[in-house]
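Q: After the sequence you'll find the predicted model.
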Amino acid sequence: PASRNNGFEYPKRSFFGRVPAGIERRRLRIVVSGGAGFVGSHLVDKLIARGDEVIVIDNFFTGRKENLVHLFGNPKFELIRHDVVEPILLEVDQIYHLACPASPVHYKYNPVKTIKTNVMGTLNMLGLAKRVGAKFLLTSTSEVYGDPLEHPQKETYWGHVNPIGERSCYDEGKRTAETLAMDYHRGAGVEVRIARIFNTYGPRMCLDDGRVVSNFVAQAIRKQPMTVYGDGKQTRSFQYVSDLVDGLVALMEGEHVGPFNLGNPGEFTMLELAEVVKETIDSSATIEFKPNTADDPHKRKPDISKAKELLNWEPKISLREGLPLMVRDFRNRIMNEDEGKQL
Ligand code: NAD
Ligand code: UDP
Ligand code: UDP
């Protein structure tokens, strides 16, 4: 309606920084919602490095300016403090929609807000994509498979999800976000892409975000016992962040809607993960058992044949290669924190 756009009719396609055809690819203007977070900030770095303009929108719930501070002053970069639950008008070519807390501790903190972010936030980003004719990529999650009865999980599996549990705000929220994306695709012709991301780790994760890799690494560096929930025999498959970012860009640039699993098929029990962290950081590190959380999936491992075949993508970095890269970043930040306390 005219009121929303103040009477101004936006062009269906936006034209920014156009260069003569055949010389080089046109520079794109790209929105990354949630771009101040862990995955988002690495994605922004890659998009800026290849020459595109990036607008980050983030409400800083779990994101930090520190993740992007190296880009401040770069004319190709803009940062807007904005909550995606509210509408926003922008002129862009692509939207990477990541805004949503990802750690169980964060998404359970205010579950209704998590649902609003997943439903109203995704609706607003899709409305924006429809209005300006932008491509839209949703970062969904392996949690849509719930506590899976199929192993490893393929994209064709419909999942085994508790609709009324403590995790539902996140996994049902993401399932609804996928539905919305497909309905805008079928109903309004929006070019959508859906990624189902499996557990990812790397530099810039929040030190105390409660996820298992960040917990174990921070605990081992601080000489505290690593907290293993339950019997530690549950499994997860851990992907290094640069592999994920490569996969997201391949998906956005490719021809296929998805959904695509993006994850590293290397599967570990939590006890095995603790062992790898111990080998990497401190051979004297210890573990302590704590009660597990409700509805914790027993196992999780992606089948990535579809992404291999159609996106020509697969992860390159094993847990033993990726962990030291994260440990370096965590050591620096923990050291800075300790110095801060002494002042
Ligand atoms: P993160 O918490 O580090 O980043 C999320 C970002 O979104 C933060 O910067 C936060 O401030 C912002 N945000 C949250 N709610 C918002 C709102 N209402 N409006 C604007 N900004 C908001 O998490 P991450 O690990 O970087 O995850 C990014 C995306 O990838 C999420 O959508 C998550 O569900 C998905 N994902 C991540 C993983 C993983 O293992 N990291 C696995 C599956 C899916
Ligand atoms: N929207 C937005 N930015 C835009 C276009 C739409 O935030 O540039 C929001 C809009 O406010 C609405 C949602 O996206 O809440 C869905 O928009 P759509 O046009 O699909 O639906 P409608 O406004 O007709 O309900
Ligand atoms: N976990 C653990 N110790 C911790 C944090 C988590 O043993 O300090 C377990 C948790 O119970 C789950 C697995 O590690 O089985 C992965 O949890 P995370 O919160 O990282 O991600 P999820 O895959 O559950 O979203």
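A: That came through fine. Ligands and ions are numbered 1, 2, ... in the order given.

Q: Please name the nearest non-neighbouring residue to Pro315.
A: For Pro315, ignoring the flanking residues on the chain, the nearest one in space by C-beta to C-beta, 6 or more residues apart in numbering is Asp243 at 3.8 Å. Yep, even glycine has a C-beta here, placed from its N, CA and C like the rest.

Q: Identify the residues contacting that neighbour.
A: For Asp243, the contact set (C-beta atoms under 8 Å, 6 or more residues apart in numbering) comprises 264, 315-317.

Q: Just the closest of those residues to Tyr107, please.
A: Asn264 (22.3 Å; C-beta to C-beta).

Q: can you confirm that closest one is in a helix?
A: No. Assessed with DSSP: H, G, I helix; E, B strand; the rest coil, Asn264 is coil; it does not lie in a helix.

Q: residues contacting it?
A: For Asn264, the contact set (C-beta under 8 Å, 6+ apart) comprises 198, 237-240, 243, 302, 315, 317-319.

Q: What's the PyMOL line that selects buried ones from those?
A: Only the buried members of the contacts of Asn264 enter the following PyMOL selection, criterion being 16 or more other C-beta atoms under 10 Å:
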select buried, resi 198+237+238+239+240+243+302+315+317+319
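
Q: Just the CA trace of the lengthiest helix in the chain, in CSV.
A: Longest helix in the chain, counting residues (DSSP state H): helix 319-342. Presented in CSV, the C-alpha positions along helix 319-342 are these (Å, rounded to 0.1, in the frame of the first residue of the first chain):
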residue,chain,number,x,y,z
LEU,A,319,37.0,-31.3,14.0
ARG,A,320,40.7,-31.8,14.8
GLU,A,321,41.7,-29.2,12.3
GLY,A,322,39.0,-26.7,13.1
LEU,A,323,39.1,-26.8,16.9
PRO,A,324,42.6,-25.2,17.2
LEU,A,325,41.5,-22.2,15.1
MET,A,326,38.6,-21.6,17.5
VAL,A,327,40.8,-22.2,20.6
ARG,A,328,43.2,-19.4,19.5
ASP,A,329,40.3,-16.9,19.4
PHE,A,330,38.8,-18.1,22.7
ARG,A,331,42.2,-17.9,24.5
ASN,A,332,42.7,-14.3,23.4
ARG,A,333,39.2,-13.3,24.5
ILE,A,334,39.4,-15.1,27.9
MET,A,335,42.8,-13.5,28.5
ASN,A,336,41.4,-10.1,27.7
GLU,A,337,38.5,-10.7,30.1
ASP,A,338,40.9,-11.7,32.9
GLU,A,339,43.0,-8.6,32.3
GLY,A,340,39.8,-6.5,32.4
LYS,A,341,38.9,-8.0,35.8
GLN,A,342,42.3,-7.2,37.2
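
Q: Mind listing what's buried along it?
A: In helix 319-342, counting by 16+ other C-beta under 10 Å, buried: 319, 322-323, 326-327, 330, 333.

Q: tell me how far it is from the chain's mean position?
A: 21 Å (C-alpha atoms, centre = their mean, to the nearest Å).

Q: which among the contacts of Asn264 gets closest to Val39?
A: Of the contacts of Asn264, the one sitting nearest to Val39 (C-beta to C-beta) turns out to be Gln239, at 10.3 Å.

Q: who does the closest one bridge with?
A: Thr200 (DSSP bridges).

Q: OK, contacts around it?
A: So Gln239 contacts 197-201, 262-264, 315 (C-beta under 8 Å, 6+ apart).

Q: farthest-separated two in those?
A: Of all pairs drawn from the contacts of Gln239, the greatest distance, 13.7 Å, lies between Tyr201 and Leu262 (C-beta to C-beta).
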